[in-house]
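Visitor: Model the following, please.
(chains A and B)
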Amino acid sequence: MIRVRRAFGLFAAAAVMSLIVAPAFAQRNAEHYAAGRAVYRKWCAPCHDPGITHPGTHALMTKYKGVKSGVLLEWTDLPAGTVKYMVRHGILLMPPFRKTEITDHELDALARFLSRNTPGGD
Amino acid sequence: MRVPPGVSESAFAATIAEFERIVGKDWVFTSDDDLNLYRDAYSPYLNEPEELIASAAVAPTTTEEVQAIVRVANRYKVPIYPISTGRNLGYGGAAPAYSGSVVVDLKRMNRILEVNEKLAYALVEPGVSYFDLYNYIQEHKLKVWIDCPDPGWGSPVGNSTDRGGGYTNANYRNHFDAHCGMEVVLPDGELLRTGMGAIPNAKTWQAYKTGCGPWVDGIFSQSNYGVVTKMGFWLMPQPEAYMRCTVRAPRFGDLSELVDTLSYLENARITTGFPDFSSPLLGYPPIGQVQLWNENGPPAMSDEHTKLLAGVDQGYSPELEAYGMKEGIPYWELWLSFYGPMEVIEASWRATQRHYGKIDGVQFRVVDRLNLPIDPKTVEKYHEPELGVPSLRVFSIGARTPWNPTPSHGHMWFSPIIPRTAEAIIEANRVFSAAARDLGMPLFKTFTLPACFWERSFVFILATPVTEDPATNKRYREGFKKLIEIGGQHGWGEYRTAPVFQKTVMDQYSYNNHALQRFHETLKDAIDPNGIMSPGRYAIWPKNLRGVQS
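Guide: Numbers count the residues shown, from 1 in each chain, chains lettered A, B, ... in the order given. Purely as a prediction, here's the structure:
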């Protein structure tokens, strides 16, 4: 029953993974990511698009202090599993999202889209 | 499998099988992982035994499915708890008021049934969000505005039935008042339409509110008397222009004149937007600037100013006032906005200045003049809801920023209604600041200004943080309840609250030996004899749980 709401450890694990996994960036066309991009636009963009007017982005900018971008779209160490975990568990002020909002199928697409620049991501 | 209290495992298994037959297996949730998604992410009881937890969730797509679910719930005496978009963060989220209830998740009922541009109204289902309705209006190039609360992912149906507020004209800001016509599945599964909708083949369901005879819509808000499956809303015709102005007053004592004249100007509809009080001298922002302050930091303040603020008592010190007069920093700045044709706006603003001319040393400024519709690229410069645009920027409150290194895990809104007078602001600050200090509550630490959501009252909307530390959460929620009771002793009551505080809040509405509560219970017994519909919501318990739970 205990829901672990802190998952920064996952980010750290992702960073380590990026060092040991061969950089196999997936070269896919835009269509491949269209469904995931649409989920992002509807559910993530209001808080995570670029700029401090998006509170998720501002929080991540503050957290990483320039070490890495605060914009999820620019991350290169965001495994699909981390995306799925965050969407279903939330963190700090970000609540989890229900399956009536983002279905498992849509979450798969979103995770593929957000991990597209991450080695081994998609 | 979790099972609702008082329901046998076999009866619950049969209930779940029926729900699966109605909506399909994919849309009935019983695993712990899935049900965790229905917990209140901002619960002050997070991870504690008292946290409110669902036993299952079922997600229909049609009114007929809702009726079928309600009938099954009656057959097996299983408590259900409908939610719309299921957000309501700070007021309870998607979690049921009675642990073990089955959440009826209406998010998939997301059809926009009509937007009528000529008469400026909409008819929507509960799963439609403010974002959805806004996007639909934009895509269809309709010249109407929505009035939305700060978080745009909320539901017009859910927000208005929890009696939320917004930021445009007073005719639309009160979201329940701005509704017109409901469709409701009653606790026995019967289908009801209110107002003109009660006439078969009604022609004016969203155009005339009350129909004939008793107007029952109010009992379906903040209650547990049915599931609202459709609801109409009046929309504001898109204004031609917008102007934002401020009235600056130099002295503490000017607050009374500022408030009283505002009440006249707003209730005469001379000012037509959301009025917003601030104090540049006390460093207190208007609501419309809070997100900008969170994003960019508060305006710089001189050392002398900061030092003088430390000596303020109940918002006042003669030295601070003298400093403000010397430096040209007003004690109060009232933000006003106007919608309409620019020539009407300019005339309204002239009349506003004439009425405020009686304040010695008053200053006026025009902050913005805009022709509408606004260019979407520039809307970020504003508090979007005041321009009818939904957003999630409000989540900068409590979030990690350079000015807030310790982000919160959520918040519970402390939101008492007080009279719309300067005297009430001052008295409420005196009472609540002393109580909050004694209780160790992080509220009213400095002089606090209320919001003007409703045109004949004020409301404080104050975020009490939820933390990771159960001991702190315990102190805060007990202090929260105490503040509610202290408010009640002074004749003030909350306008809305989360289920965990609903009993404490409703206990304040106790005139004539709780006559209102008893009436709610009489209604409950009459229309929900099995007590299946949202038991405990707003402290209305069905007979079988009354006394046990309340």
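Visitor: What's the local residue count around B:E117?
Guide: Residue crowding around B:E117 was assessed by other CB atoms under 10 Å in any protein chain shown; the count is 15. No exception for glycine: its C-beta is placed from N, CA and C like everyone else's.
Visitor: Check B:A310 too.
Guide: 8.
Visitor: any idea of the pLDDT on it?
Guide: We have a pLDDT of 95 for B:A310.
Visitor: Output the below-cut-off pLDDT ranges for chain A.
Guide: Residue ranges of chain A with pLDDT under 70: A:1-28, A:122.
Visitor: Could you rerun that using 90?
Guide: Along chain A, the model assigns pLDDT under 90 to residues A:1-32, A:120-122.
Visitor: which parts of it sit against chain B?
Guide: Applying CB under 8 Å from any CB of the partner chain, we find that chain A lies next to chain B at A:1-3, A:5-6, A:42, A:46-47, A:51-56, A:58-59, A:62-63, A:88-90, A:92-101.
Visitor: Could you pull out the helices in chain A for me?
Guide: A:8-20, A:34-39, A:45-48, A:55-64, A:80-89, A:104-114 (DSSP state H).
Visitor: what's the closest of the ones you listed to B:A428?
Guide: helix A:55-64 (29.3 Å; CB to CB).
Visitor: buried stuff in that closest one?
Guide: For helix A:55-64, a neighbour-count test (16 or more other CB atoms under 10 Å in any protein chain shown) marks A:55-63 as buried.
Visitor: Report the separation between the most centrally placed residue in chain A and chain B.
Guide: In chain A, the residue lying closest to the centroid (CA atoms, centre = their mean) is A:V83, at 4.2 Å. For A:V83, the distance to chain B (CB to the nearest CB, to the nearest Å) stands at 16 Å.
Visitor: Next up, the contacts around that residue.
Guide: Residues in contact with A:V83 (CB atoms under 8 Å, 6 or more residues apart in numbering or on different chains) are A:107, A:110-111, A:114-115.
Visitor: Could you report the distance from it to B:E125?
Guide: Remark: distance between A:V83 and B:E125 (CB to CB, to the nearest Å) = 29 Å.
Visitor: repeat for B:E117
Guide: 20 Å.
Visitor: just to revisit the earlier point, let me have the contacts of A:V83 in JSON lines, extended by distance to A:A35.
Guide: Listed next are the contacts of A:V83 as JSON lines, based on distance: CB to CB, whole Å:
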{"residue": "A:L107", "distance to A:A35": "11"}
{"residue": "A:L110", "distance to A:A35": "8"}
{"residue": "A:A111", "distance to A:A35": "11"}
{"residue": "A:L114", "distance to A:A35": "12"}
{"residue": "A:S115", "distance to A:A35": "14"}
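Visitor: Just the buried residues from those residues, in PyMOL please.
Guide: Listed next is the PyMOL selection for buried residues among the contacts of A:V83, using 16+ other CB under 10 Å:
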select buried, chain A and resi 107+110+111+114+115
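Visitor: And the contacts of A:V83, which two are furthest apart?
Guide: Among those, the pair separated by the greatest distance (CB to CB) is A:L107 and A:S115, at 11.9 Å.
Visitor: give me every residue that touches the one residue in the stretch 101-250 of chain B that gets nearest to chain A.
Guide: Nearest to chain A in the stretch 101-250 of chain B, going by CB to the nearest CB, is B:K107, at a distance of 3.9 Å. Neighbouring residues of B:K107 by CB under 8 Å, 6+ apart: A:98, A:100-101, B:59, B:83-86, B:126-127.
Visitor: so which of those residues comes closest to B:Q363?
Guide: B:T85 (42.9 Å).
Visitor: which non-adjacent residue is nearest B:D525?
Guide: Of all residues not flanking B:D525 in the chain, B:K543 sits nearest, at 5.4 Å (CB to CB, 6 or more residues apart in numbering or on different chains).
Visitor: So for that neighbour, what's the pLDDT?
Guide: So, for B:K543, pLDDT stands at 96.
Visitor: so it sits right up against B:D528, yeah?
Guide: No. Using CB atoms under 8 Å, B:K543 makes no contact with B:D528, being 9.3 Å away.
Visitor: Neighbour count: these two, which is higher?
Guide: B:D528 (23 against 13).
Visitor: I'd like to know how far that one sits from B:M231.
Guide: Here B:D528 is placed at a distance of 20 Å from B:M231 (CB to CB).
Visitor: just B:E51 next, same as before
Guide: 30 Å.
Visitor: Flag every residue of the stretch 401-550 of chain B that's near chain A.
Guide: B:401-402, B:405, B:407-410, B:468.
Visitor: do the stretch 151-300 of chain B as well
Guide: B:152-153, B:291, B:294-296.
Visitor: Sort out for me which of the residues you listed are in helices.
Guide: Checking those against DSSP H, those in helices are B:291, B:294-296.
Visitor: For ChimeraX, write a command that selects the buried ones of these.
Guide: In ChimeraX, a selection of the buried entries from these looks like this (16+ other CB under 10 Å):
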select /B:291,294,295
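Visitor: who's more crowded, B:E51 and B:M231?
Guide: B:M231 (30 against 17).
Visitor: and for the helix or strand hosting the more buried one, what are the contacting residues?
Guide: Element membership for B:M231, per DSSP states H and E: strand B:227-234. When contacts are defined by CB under 8 Å, 6+ apart, strand B:227-234 is touched by residues B:63, B:66, B:70, B:82, B:104, B:106, B:109, B:113, B:120-126, B:156-157, B:160-161, B:171-172, B:175, B:178-185, B:205-206, B:220, B:533.
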